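Novice: Fold the following, please.
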Amino acid sequence: MSDSRPADEAQRLLDVADLKAYDRVTEELLNAFVRVAGDLMGVPASGISIVGECDQSFLASRGLTPTSTPRDDAFCSYAILRPDEVMVVPDLAADPRFQDNPLVTANPAMRFYAGAPLRGSRGTAVGTLCVMDTTPRQMTPALLDRLRDLSLGVSAALTLRQAIREVHRAARTDALTGMLNRKAFDEMLDEPVVRDLGLLMIDLDGFKPINDTYGHAGGDRALTEVARRLAETVRTRDSVVRLGGDEFVVVMREVERPEACTGLAARIHAALADTFVLNGSIVPLRASIGCAAMPWHASTMRMLLERADAALYAAKRAGRGITRSASESAAGQGVGRVALEAWLQEAFAPGGRVPFHLVFQPIAELPTGQVRMAEALLRWRTDAGLSLRPADVLPVIEGMGYSAALDRWVVGEACRLVAAAPPPYPISVNVSASTFGLPGFDAEVNAILRRHGVPGTALVIEMTEGSLSGDPESAMANIRGLSALGVPVVLDDFGGGHGTLARLRGHAFDAIKIDRSLVTDCARDPQSRALIEAVADMAQALGVPAVAEGVENAAQLAVLAQCGVECAQGFLISHPIAWDRLEDAATAMPGRIRTALAEGGITAGAA
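Specialist: Numbers count the residues shown, from 1 in each chain. From the prediction side, this is the model:
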C-alpha cells in the first residue's frame, strides 16, 4: 500500500476538486482519449483516473468497472508521486508494492499497468491516463512516448474545460459582491419549472445618499456588506443574486408554505438592522422587500418574478423597511421594476411606441394671477389602466440609460404641441442632470426647435444643480448655447438639500425655483420662512424671478407673497392638466389667486 503523499498534496486536492464536475462534451472527449490509448497499446483496459484524498475514481474508462478504489489500493496513487515519468509495471504480481494488492490477487486480477500522470490547472498531478492488462507485458520506448503524448493531450483538455467553466462561472458572478449576477438569474428563469419556489425582490432604501456622502467606494462597501449579511441569513440551499445597483434577489428552494418567504424577509430586515460603520459613522442599512411563492402565487418563473416585483413596488410605496407579499394584492394591481424595464426596452427600441404623455401645471405670477409659464410633467398610464408615478419610473429609466432619449422626446412633444397651438407663455421642460451634462445638448434642442418651427423663447429648460456636478464645462456650454437660442434656463429645486450659493455665482440662470421642501412648512416654521425670504432676496439681487414649487394652501401662498416670491405653482394654483385645458385655466387664474391670497389675509394691493 502507498504510505506517502505528494509534497504539494494540498494544492493537488484543489486541482482534483476542480475536476469533479464536467459536462457531456468533456466526457465524450475523455472517452475518445481512453479508446485511442487502449487501441494504441493493444490492451483490454484503459482509463482516466482521478486520485482523491481517500480514493481513486475514473472520469472515463474502457474494460474496467467504473467504481471507486481505496487510494492505498490504487496503482495510480503511486504513479502521481513522480509526475514527470510514466510508471510502468510489467508484472504487478512480481512487484513487492502490488503483489498482495486485491486488484491483483482477486478480480479483476490485473498483471500489467502503465500510467502517465495528468496535471491540473495548478500544475499538480491529479491522476493518470493508464492502461492495464490481465497478462504481463513489456512496453517499447516508442509506446511510452505515445502514452505520454496522449496524457499531455488529456491534461490540456481538462485544463481547457476547467478554464471554460471558470469563465462561465465568472460571467455569472457579480464582481463586487461575489454573489450570482443578473445573467445567472436570467438563466434561472429559463430553467424547467420547479414547484415550491420562493422569490424575494430586495431594494435598498436610501442608498443614493450613501453614495453621495461617502463616494462610490463607500457605496461599494455598503453593497458588499449587504450581500454578506444576505448570504449569512439565507439557507444553504437558497441563492443570493445581485441584479445590479442596489437591487438583490433571494431565490428560495423547497418552500413548504408562502409564509416562509415573509419569515425570511423578517430575518433579512433584522440582519440589515445591525450596526454598520462606514468611515467612522453609523450608516443605516434598510431595504424594501417584495415576495412571492410558487405555486401559491404563480405557475411559471416569469409570473413569479412579476408578482414578487409588483409586491416590491407596493412595499416601496408603503415606506421604508417594509415587506409586501403577493398574497396582499391581486395580480395585475401593481407594476414592478422588472415589468417596467421590459416595457421600456420595447418603448425605446427602434420603431417602438413611447407610452408616455404630458400634462401641464400652470405657474402663476403673484399677485396678479397671470400665467407666466406652464411646466410639462411626464405621465404614464399602462394598457391595464394603471397610472405610474414619475418617482417610480424615472429612476428605472435613468438606470437603463434612457434618460437622454426620454428628454429628447419630452422636448419634442412640448414643441409639437406649441407649434400646433402656441400659448401666450412658454412651456418649461425638466431635463435630467445626465442629459444636461452631455456635450451638444443645446444643438439637439436647436434641431428640435427647427424641426417644429418653434422659436427658442417658447421653451424653458429646467435643470438641477446635479447637472453641474458631472461635467460642469459641458453644462456651462449648454447654458450659453441655449441662451443664444433664446431658451431661458431655470435652476430647479434650489434649497432642497443640495443648494449652495456658489452655484448661483457665474451661472446665467433666468429663474430660481424654490424646492417644495422649504415651502411645505413655511407657514408654521420661522426658519423655512427665513430661508425662502433669503432666496427671494438673492433672486431679486440677481435680477431673476423666484418661483415657489409645491404650494398647496392659502397660508403658504400668503407667506410666499410676503417674502417677495414672484411666481408660484402647486395644487393650490392648479393641478396638472391636459394641454387643451390650459387656456381655461389661464383665464380663471387671476380670480383664483386673488381668492387664495384673501384667504391668507392678503389683498391684491397689499401683496
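Novice: what separates Gly120 from Leu64, distance-wise?
Specialist: From Gly120 across to Leu64, the span is 22 Å (C-beta to C-beta, to the nearest Å). In short, each C-beta sits where N, CA and C put it, glycine included.
Novice: Comparing these two, which shows the higher neighbour count?
Specialist: Gly120 (23 against 18; other C-beta atoms under 10 Å).
Novice: Which residue, neighbours along the chain excluded, lies closest to Thr275?
Specialist: Spatial nearest neighbour of Thr275, excluding adjacent residues (C-beta to C-beta, 6 or more residues apart in numbering): Ile282 at 5.9 Å.
Novice: correct me, but that neighbour touches Ala273?
Specialist: No - with contact defined as C-beta atoms under 8 Å, Ile282 does not reach Ala273; the gap is 11.6 Å.
Novice: More neighbours: which of those two?
Specialist: Neighbours were counted for Ile282 and for Ala273 using other C-beta under 10 Å; Ala273 has more, 13 against 8.
Novice: Let me see the confidence value for that one.
Specialist: Looking at Ala273, its pLDDT stands at 88.
Novice: in the lengthiest helix in the chain, what's buried?
Specialist: When the chain is scanned for its longest helix (criterion: DSSP state H), the result is helix 141-171. Neighbour-count burial for helix 141-171, counted by 16 or more other C-beta atoms under 10 Å, picks out 143-144, 146-147, 150-151, 153-155, 157-159, 161-162, 165.
Novice: Stretch 235-251 now?
Specialist: For stretch 235-251, by 16+ other C-beta under 10 Å, it's Asp238, Ser239, Val240, Val241, Arg242, Leu243, Asp246, Glu247, Phe248, Val249, Val250, Val251.
Novice: Can you convert those into TSV and add a column each for secondary structure, pLDDT and distance to Leu59?
Specialist: Shown next, in TSV, are these (DSSP: H, G, I helix; E, B strand; the rest coil; pLDDT from 0 to 100; distance: C-beta to C-beta, whole Å):
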residue	secondary structure	pLDDT	distance to Leu59
Asp238	coil	90	31
Ser239	strand	90	28
Val240	strand	94	32
Val241	strand	93	32
Arg242	strand	93	34
Leu243	strand	88	36
Asp246	coil	88	43
Glu247	strand	90	40
Phe248	strand	94	37
Val249	strand	93	35
Val250	strand	93	35
Val251	strand	91	31
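Novice: among these, which two are most distant?
Specialist: Asp238 and Asp246 (19.9 Å; C-beta to C-beta).
Novice: how about low-confidence regions in the stretch 51-200 of the chain?
Specialist: Filtered on pLDDT under 70, the stretch 51-200 of the chain yields the residue ranges 193.
Novice: Try it again at 90.
Specialist: Across the stretch 51-200 of the chain, the ranges flagged by pLDDT under 90 are 59, 64-69, 72-73, 107-108, 120-123, 157-173, 175, 182-198.
Novice: One more: the stretch 251-400 of the chain?
Specialist: 252-262, 273-284, 286, 293-357, 367, 378-400.
Novice: All the helices of it, residue numbers only.
Specialist: 259-273, 301-318, 337-348, 390-399 (DSSP state H, counting those that start in this stretch).
Novice: For those, give me a markdown table that also has distance to Ile514.
Specialist: Shown next, in a markdown table, are the helices of the stretch 251-400 of the chain (distance: least, C-beta to C-beta, whole Å):
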| stretch | distance to Ile514 |
| --- | --- |
| helix 259-273 | 36 |
| helix 301-318 | 27 |
| helix 337-348 | 31 |
| helix 390-399 | 20 |
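Novice: Deepest in the core, which of the ones you listed is it.
Specialist: Most buried of the helices of the stretch 251-400 of the chain, by mean neighbour count (mean count of other C-beta atoms under 10 Å): helix 301-318, with a mean of 23.
Novice: Report the inter-axis angle for that helix versus helix 259-273.
Specialist: Angle of helix 301-318 versus helix 259-273, following axes from the mean of the first three to the mean of the last three C-alpha atoms, to 10 degrees, is 50 degrees.
Novice: quick revisit: looking at the helices of the stretch 251-400 of the chain, which is closest to Cys291?
Specialist: So among the helices of the stretch 251-400 of the chain, helix 259-273 is nearest, using C-beta to C-beta, at 3.9 Å.
Novice: do you know how far the closest residue to Val104 other than its chain neighbours is from Phe112?
Specialist: Leaving aside its chain neighbours, Val104 sits nearest to Leu92 (4.7 Å; criterion: C-beta to C-beta, 6+ apart). In this view, Leu92 and Phe112 are 7 Å apart by C-beta to C-beta.
Novice: what are the phi and psi values for the residue positioned nearest the centre of the chain?
Specialist: The residue lying closest to the centre of the chain (C-alpha atoms, centre = their mean) is Gly244, at 1.6 Å. For Gly244, the backbone dihedrals (degrees, to the nearest 10) come out as phi 140, psi 150.
Novice: same thing with the one 10 residues further on?
Specialist: Note on Glu254: its backbone torsions stand at phi 60, psi 50 [degrees, to the nearest 10].
Novice: Quickly find the element holding Asp212.
Specialist: Assigned by DSSP states H and E, Asp212 belongs to helix 207-233.
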